[in-house]
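S.K.: Based on what follows, work out the 3D shape:
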Amino acid sequence: MYAPVVKIPENIFKEDSPYLELNTGTLKVKSDLLEFDRANPNKYETIENDLELYDKYTINLEKLRLNLIFPGAEGNKKEIKIINDFTFCITVENCLAPLHKKFPTLRLDIDFKERIEFEFDFHCLKTIFRLKDLLLI
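M.R.: Okay, the predicted model is just below:
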């Protein structure tokens, strides 16, 4: 599924106002669920292998990027890539025995598939700070 594109304008009343564009790329969600034994819920307290104890949810975001767009600009000054395409995976694991003595109730892992590169100049940085101020009002 394609994830949304979020646009944050510097000035909502000006058509040619610069804006941040967050393209959240492609979203893939997968679940790997274990069958919970309702007849014998206490059996989970004695399990030693954590693979038998956790439901697993995996969320992949691929080709996420952040650009600063200048609608009125010409040529290559129209768009500045702030963060180039990158991919990351979030894995959430939920324990079937929430109060297990050995294992945590919830485990979270975030795996960046490649390094994140930031590219911007001083003009771009000033625009970002103006947008930040607008968002924090």
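
S.K.: As a quick check, tell me the outermost residue of the chain.
M.R.: No residue in the chain sits farther from the centre than residue 39, which is 37.8 Å out by C-alpha atoms, centre = their mean.

S.K.: how far away is it from residue 97?
M.R.: Residue 39 sits 15 Å away from residue 97, going by C-beta to C-beta, to the nearest Å. Heads up, the C-betas are built off the backbone N, CA and C, glycines and all.

S.K.: What count of nearby residues applies to residue 66?
M.R.: Per other C-beta atoms under 10 Å, the neighbour tally for residue 66 reads 20.

S.K.: Which positions in the helix or strand it falls within come out as buried?
M.R.: Per DSSP states H and E: residue 66 is located in strand 54-69. By 16 or more other C-beta atoms under 10 Å, the buried positions in strand 54-69 come out as 54, 58, 60-62, 64-68.

S.K.: Show me what the helix or strand just after it is packed against.
M.R.: Once strand 54-69 ends, the next helix or strand along the chain (criterion: DSSP H and E) is strand 79-95. For strand 79-95, the packing partners by 3 or more C-beta pairs under 8 Å, 6 or more residues apart in numbering; DSSP states H and E come out as strand 54-69, strand 106-112, helix 122-135.

S.K.: tell me which helix or strand of the chain sits lowest on mean pLDDT?
M.R.: helix 122-135 (a mean of 69; mean pLDDT, DSSP states H and E).

S.K.: what sits against the spatially closest residue to residue 111 that is not a sequence neighbour?
M.R.: In space, and not counting its chain neighbours, residue 111 is closest to residue 89: 4.6 Å by C-beta to C-beta, 6 or more residues apart in numbering. By C-beta atoms under 8 Å, 6 or more residues apart in numbering, the residues touching residue 89 are 58-61, 109-111, 113.
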